[in-house]
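J.: predicted coordinates and the sequence they were generated for:
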Amino acid sequence: MKLTTKGHYSVKALLDISLQPGYGPTSVKEIAKRQSLPAPYLEKLMIELRKGGLVKSVRGLQGGYQLALQPEQISLGKILEVVGETSLPLPHLQVHSEQVEDWVTLTIWRHLHQKIIRALDSLTLADLYYDARSAQALQGEQVNFIV
């Protein structure tokens, strides 16, 4: 499995929103600035995340995007699913009856894939937030949070 730019930026944006009082709202421009992300691309991702039910948009002067769910309810697996990420391992592998080692390799990858899916579905924004905060504390960093 490879986390592409799309998946990485989506997770960074959602983590950023989770830091806001009441989990938002905050503007795409503010998120992009804090996380060093391209605002036009981030705006497209936020639309996908809104359609997927992970964020909601708030209109007005103090508007922007906010989490639609609590951070504990948003799994990494769901984020990646919403933005079209795949967790399929080596999709080019096929079973060939004459090559037993291909079957063995494919079986191993299938088992690993199931474990990866369970891990992605059990890891939440809240987990990522606390892991990042712990790492920052160990390094003696201040409150600024850049994923």
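T.: The structure has been received and is ready for your questions. Numbering: from 1, shown residues only.
J.: what separation do you get for V11 and I108?
T.: According to Cβ to Cβ, to the nearest Å, V11 stands 28 Å off from I108. Every residue, glycine included, has its C-beta placed from N, CA and C.
J.: comparing these two, which residue is more hemmed in?
T.: V11 (20 against 12; other Cβ atoms under 10 Å).
J.: what are the ranges of the strands in the protein?
T.: Using DSSP state E, the strands of the chain run over residues 55-58, 64-67.
J.: other SSEs contacting the longest helix that the chain contains?
T.: The residue-count maximum for a helix in the chain (DSSP state H) belongs to helix 100-122. For helix 100-122, the packing partners by 3 or more Cβ pairs under 8 Å, 6 or more residues apart in numbering; DSSP states H and E come out as helix 76-82.
J.: can you list contacts of the helix it packs on?
T.: Contacts to helix 76-82, defined as Cβ atoms under 8 Å, 6 or more residues apart in numbering, come from residues 3, 7, 10-11, 14, 48-49, 51-54, 87, 117, 120-121, 123-125, 128.
J.: hmm, which helix or strand of the chain has the shakiest average pLDDT?
T.: helix 125-138 (a mean of 80; mean pLDDT, DSSP states H and E).
J.: buried stuff in it?
T.: Buried residues in helix 125-138, defined by neighbour count with 16 or more other Cβ atoms under 10 Å: L125, L128, Y129, A132.
J.: just stretch 38-52 next, same as before
T.: L42, L45, M46, L49, G52.
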